[in-house]
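S.K.: here's a sequence, model it:
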Amino acid sequence: MSILVINPGSTSTKLALYENGQSVAAQEIQHRKSELAGFVRVTDQFDFRVQAARAFLESAGGDSIRLRAVAGRGGLLHPLKGGVYEVCDDMADDLRNARYGEHPCNLGGLIARAFGQKYGVPAYVVDPVVTDEMMDKARLTGLPAIRRRSLFHALNQRGMARIVAGRMGIAYEEGNFIVCHMGGGVSIGAHRRGKVVDVLNGLDGEGPFTPERTGSLPLLPVLHMIRDGEAGFEQMEQAVLRRGGLFAHLGTNDPREIVARIEAGDETARLVFKAFAYGVARSVCSMVPALVHGESGPDLAAVILTGGLARSQPLTAEIARLVSHLGVVAVEPGEVEMDSLAAGAERALKGEEPVRSYVCDIVSER
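M.R.: This is a model prediction of the structure:
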């Protein structure tokens, strides 16, 4: 009896079968840009991606496969509490119509539901990117019309925190963690006793600069650039999300190339790399107050550095040096999204975690 896991990305579809918590078959299907160019909207790719999943199942055993559940990566939905959700009609409609935004991850729940209906088993999404457990006081900004949003690498952050907690001999729900996911974007979450009570949301321009994003910027100089015609809205948006950070300074978003330039004596590269690590460390430290609850101190179990960039030993070593005063620093390179999807479905099937309702567990969009 297997759990089918589906994780659609911009140019790939990751698929896996899990039995007893272990992956028994897996494939990452790369999609050429030419294959996707003919689809106007992300949801137009549905049949194309489903066919890829069918081919994977056929190669993994075909009719001999017996599914217990299907788990897909959660998409852009209304703000939700963290956890496991069964894909219902309302969720499927919001994903299909891109009501809260268009992204390939929206296909995760739709494809999971299609296979769940085909095999007569539950279809779940787990810890979607819109997971919102923020404290009310963390939402406020200096402008009442603008509220901070919770949008982050929830699936991988929570999955890595569970792994580190297990190694430390504690339950994830019993410990406090600061988790920093570093990839093209960086998101940092304060995990307090199983809830992510504050988040630095890179998609909204918060936090440190990253390989491709500007991170937080002094606001008035940005307004002056727009006022003086140095940059229009679209140009600035591109800079904030895709053409800022390491790329803007050094023309590359690859830390390996930057380290090679540093080793060759490039002092500009050295300064920018140090600034990147410093910005991440400073942002990590800013999450400590979120872990103070009542009269107790932060009681931090560990700082966790994860994501693709955690494979850069020079980067993690410098960040760890700057935050080591906080306590244990755990470096967990890469991501565990597939394992986390399967584990969430397994907990739901065993009754170890309640299956939440997309309609009832909505977080008020205050």
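
S.K.: now do the longest helix along the chain: which elements does it pack against?
M.R.: If each helix of the chain is counted by residues according to DSSP state H, the longest one is helix 267-285. With contacts taken as 3 or more Cβ pairs under 8 Å, 6 or more residues apart in numbering; DSSP states H and E, helix 267-285 sits against strand 176-182, strand 186-192, helix 245-250, helix 255-263, helix 313-323. No exception for glycine: its C-beta is placed from N, CA and C like everyone else's.

S.K.: and the angle from that helix to strand 186-192?
M.R.: 20 degrees (axes from the mean of the first three to the mean of the last three Cα atoms, to 10 degrees).

S.K.: give me the distance between helix 267-285 and the centre of its chain.
M.R.: For helix 267-285, the distance from its own C-alpha centre to the chain's C-alpha centre is 22 Å (Cα atoms, centre = their mean, to the nearest Å).

S.K.: any chance of a markdown table for the helices and strands packed on helix 267-285, columns mean neighbour count, distance to Lys350 and mean pLDDT?
M.R.: Conversion of these to a markdown table gives the following (neighbours: other Cβ atoms under 10 Å; distance: least, Cβ to Cβ, whole Å; pLDDT from 0 to 100):
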| stretch | mean neighbour count | distance to Lys350 | mean pLDDT |
| --- | --- | --- | --- |
| strand 176-182 | 28 | 24 | 97 |
| strand 186-192 | 28 | 23 | 97 |
| helix 245-250 | 20 | 42 | 96 |
| helix 255-263 | 16 | 40 | 94 |
| helix 313-323 | 18 | 35 | 97 |
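
S.K.: which residues of the stretch 51-200 of the chain fall in strands?
M.R.: In order along the chain, the stretch 51-200 of the chain carries the following strands (DSSP state E, counting those that start in this stretch): 67-73, 84-86, 123-126, 176-182, 186-192, 195-200.

S.K.: would you format those as CSV with distance to Gln22 included?
M.R.: Converted to CSV, the strands of the stretch 51-200 of the chain look like this (distance: least, Cβ to Cβ, whole Å):
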stretch, distance to Gln22
strand 67-73, 14
strand 84-86, 19
strand 123-126, 17
strand 176-182, 24
strand 186-192, 26
strand 195-200, 27
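
S.K.: which of those strands sits closest to Ile304?
M.R.: When those are ranked by proximity to Ile304, the top entry is strand 176-182, at 4.6 Å, counting by Cβ to Cβ.

S.K.: quick one: list the elements packing against that closest one.
M.R.: Going by 3+ Cβ pairs under 8 Å, 6+ apart, strand 176-182 lies up against helix 154-167, strand 186-192, helix 267-285, strand 300-307.

S.K.: and the pLDDT at Leu77?
M.R.: As predicted, Leu77 sits at a pLDDT of 94.

S.K.: ok so, going back, and Ala301, which of the helices and strands packed on helix 267-285 is closest to it?
M.R.: strand 176-182 (5.6 Å).

S.K.: quick one: the closest one to helix 267-285, angle?
M.R.: Computed with the same axes, to 10 degrees, the direction of strand 176-182 lies at 150 degrees from that of helix 267-285.

S.K.: can I get strand 176-182 in PDB? Just the C-alpha atoms.
M.R.: Once non-C-alpha atoms are left out, strand 176-182 reads as follows in PDB (Å, rounded to 0.1, in the frame of the first residue of the first chain):
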ATOM      1  CA  ASN A 176      11.500  26.500  19.700                       C
ATOM      2  CA  PHE A 177      13.400  26.800  16.400                       C
ATOM      3  CA  ILE A 178      14.500  29.500  14.000                       C
ATOM      4  CA  VAL A 179      14.500  28.000  10.500                       C
ATOM      5  CA  CYS A 180      16.200  29.800   7.600                       C
ATOM      6  CA  HIS A 181      15.500  28.400   4.100                       C
ATOM      7  CA  MET A 182      18.100  29.700   1.600                       C
END
